[in-house]
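Q: Build me a model from this:
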Amino acid sequence: MIHSWDGTEWQVFVALPDEPRWPHIPFATTDGVPTLHARTEALAALGYTPLDPAHTWDWMETPLEGDPEGVVALVATTTVTPTHPDTQDT
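A: Sure thing, here's the model as predicted:
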(Lines give C-alpha, C1' and ligand atoms only; values in the text may rest on other atoms or scores of the structure.)
Protein backbone atom coordinates (compact mmCIF):
# COMPACT_ATOMS: atom_id res chain seq x y z
CA MET A 1 0.00 0.00 0.00
CA ILE A 2 1.26 3.45 -0.89
CA HIS A 3 0.05 6.98 -1.50
CA SER A 4 -0.81 7.68 -5.12
CA TRP A 5 1.71 9.82 -7.01
CA ASP A 6 -0.49 12.89 -6.49
CA GLY A 7 -1.16 12.17 -2.79
CA THR A 8 -4.96 12.06 -3.13
CA GLU A 9 -5.46 8.40 -2.31
CA TRP A 10 -3.96 5.34 -0.69
CA GLN A 11 -3.59 2.40 -3.08
CA VAL A 12 -3.66 -1.20 -1.92
CA PHE A 13 -2.02 -3.12 -4.76
CA VAL A 14 -0.42 -6.43 -5.62
CA ALA A 15 3.02 -6.12 -7.24
CA LEU A 16 3.16 -8.63 -10.07
CA PRO A 17 6.39 -9.36 -11.94
CA ASP A 18 6.37 -8.60 -15.66
CA GLU A 19 3.06 -6.71 -15.45
CA PRO A 20 3.01 -3.09 -16.62
CA ARG A 21 -0.01 -2.20 -14.43
CA TRP A 22 -0.60 -3.75 -11.04
CA PRO A 23 -4.15 -4.38 -9.83
CA HIS A 24 -5.10 -1.94 -7.09
CA ILE A 25 -7.94 -0.63 -4.93
CA PRO A 26 -7.97 3.11 -4.10
CA PHE A 27 -8.92 4.68 -0.75
CA ALA A 28 -9.39 8.45 -0.38
CA THR A 29 -6.79 10.00 1.94
CA THR A 30 -9.60 12.05 3.49
CA ASP A 31 -10.85 8.81 5.07
CA GLY A 32 -7.50 8.29 6.85
CA VAL A 33 -5.16 5.33 6.58
CA PRO A 34 -7.06 2.18 5.50
CA THR A 35 -7.54 -0.16 8.45
CA LEU A 36 -6.13 -3.68 8.53
CA HIS A 37 -9.64 -4.99 7.84
CA ALA A 38 -10.09 -2.63 4.86
CA ARG A 39 -6.70 -3.64 3.43
CA THR A 40 -7.54 -7.34 3.83
CA GLU A 41 -10.88 -6.83 2.08
CA ALA A 42 -9.16 -4.92 -0.73
CA LEU A 43 -6.69 -7.77 -1.22
CA ALA A 44 -9.60 -10.25 -1.29
CA ALA A 45 -11.31 -8.14 -3.97
CA LEU A 46 -8.08 -8.37 -5.98
CA GLY A 47 -8.05 -12.16 -5.54
CA TYR A 48 -5.39 -12.42 -2.83
CA THR A 49 -5.15 -13.14 0.87
CA PRO A 50 -2.30 -12.45 3.30
CA LEU A 51 0.03 -15.45 3.41
CA ASP A 52 0.04 -15.31 7.21
CA PRO A 53 -3.13 -13.56 8.49
CA ALA A 54 -1.49 -13.09 11.92
CA HIS A 55 1.44 -11.19 10.36
CA THR A 56 1.24 -7.43 10.64
CA TRP A 57 2.06 -5.15 7.76
CA ASP A 58 5.60 -3.77 7.63
CA TRP A 59 5.80 0.02 7.34
CA MET A 60 8.72 1.90 5.81
CA GLU A 61 9.61 5.32 4.47
CA THR A 62 11.00 5.41 0.96
CA PRO A 63 12.62 8.53 -0.58
CA LEU A 64 10.95 9.58 -3.81
CA GLU A 65 13.50 9.42 -6.59
CA GLY A 66 14.47 12.78 -8.00
CA ASP A 67 12.45 14.81 -5.50
CA PRO A 68 14.51 17.91 -4.68
CA GLU A 69 12.55 18.51 -1.46
CA GLY A 70 13.52 15.13 0.00
CA VAL A 71 9.89 13.98 0.23
CA VAL A 72 9.40 10.37 1.31
CA ALA A 73 6.60 7.90 0.62
CA LEU A 74 5.04 5.88 3.42
CA VAL A 75 4.74 2.28 2.25
CA ALA A 76 3.11 -0.73 3.91
CA THR A 77 3.88 -4.28 2.75
CA THR A 78 2.74 -7.81 3.45
CA THR A 79 3.16 -11.13 1.63
CA VAL A 80 0.09 -12.47 -0.17
CA THR A 81 -1.05 -15.61 -1.92
CA PRO A 82 -3.73 -16.02 -4.60
CA THR A 83 -7.15 -16.79 -3.13
CA HIS A 84 -7.77 -19.42 -5.81
CA PRO A 85 -4.35 -20.72 -6.89
CA ASP A 86 -4.12 -22.10 -10.38
CA THR A 87 -4.51 -25.85 -10.11
CA GLN A 88 -3.23 -26.62 -13.59
CA ASP A 89 0.16 -28.29 -13.96
CA THR A 90 2.71 -26.23 -15.84
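
Q: For Ser4, which residues are in contact?
A: By CB atoms under 8 Å, 6 or more residues apart in numbering, the contact set of Ser4 is Trp10, Gln11, Pro26. The way it works is simple: take the backbone N, C-alpha and C, and place the C-beta from them, glycine included.

Q: Can you give me the pLDDT of it?
A: Looking at Ser4, its pLDDT reads 78.

Q: Now do the contacts for the nearest residue to Ala44 once chain neighbours are set aside.
A: Spatially, and ignoring its direct neighbours in sequence, Ala44 is nearest to Thr83 (6.6 Å; CB to CB, 6 or more residues apart in numbering). Listed by CB under 8 Å, 6+ apart, the contact set of Thr83 reads Ala44, Gly47, Tyr48, Thr49.

Q: what's across from the closest residue to Tyr48 other than its chain neighbours in the sheet?
A: Leaving aside its chain neighbours, Tyr48 sits nearest to Val80 (4.1 Å; criterion: CB to CB, 6+ apart). Beta bridges link Val80 to Pro50, judged by DSSP bridges.

Q: quick one: contacts for Val80?
A: Val80 makes contact with Val14, Leu43, Tyr48, Thr49, Pro50, Leu51 under the criterion CB under 8 Å, 6+ apart.

Q: Below-threshold pLDDT in the protein: ranges please.
A: Of all residues in the chain, those with pLDDT under 70 make up the ranges 66-68, 70-71, 85-90.

Q: Tell me where it has helices.
A: Secondary structure of the chain (DSSP state H): helices at 36-45.

Q: just the strands in it please.
A: 2-3, 9-13, 24-28, 48-50, 58-63, 72-77, 80-82 (DSSP state E).

Q: The residue lying closest to Pro34 once chain neighbours are set aside pairs with what?
A: Leaving out its chain neighbours, the residue that sits closest to Pro34 by CB to CB, 6+ apart is Phe27, at 4.6 Å. Here Phe27 sits in beta bridges with Trp10, going by DSSP bridges.

Q: and Phe27, how many neighbours does it have?
A: 19 (other CB atoms under 10 Å).

Q: and the gap between it and Pro82?
A: From Phe27 over to Pro82 the distance is 22 Å, taken as CB to CB, to the nearest Å.
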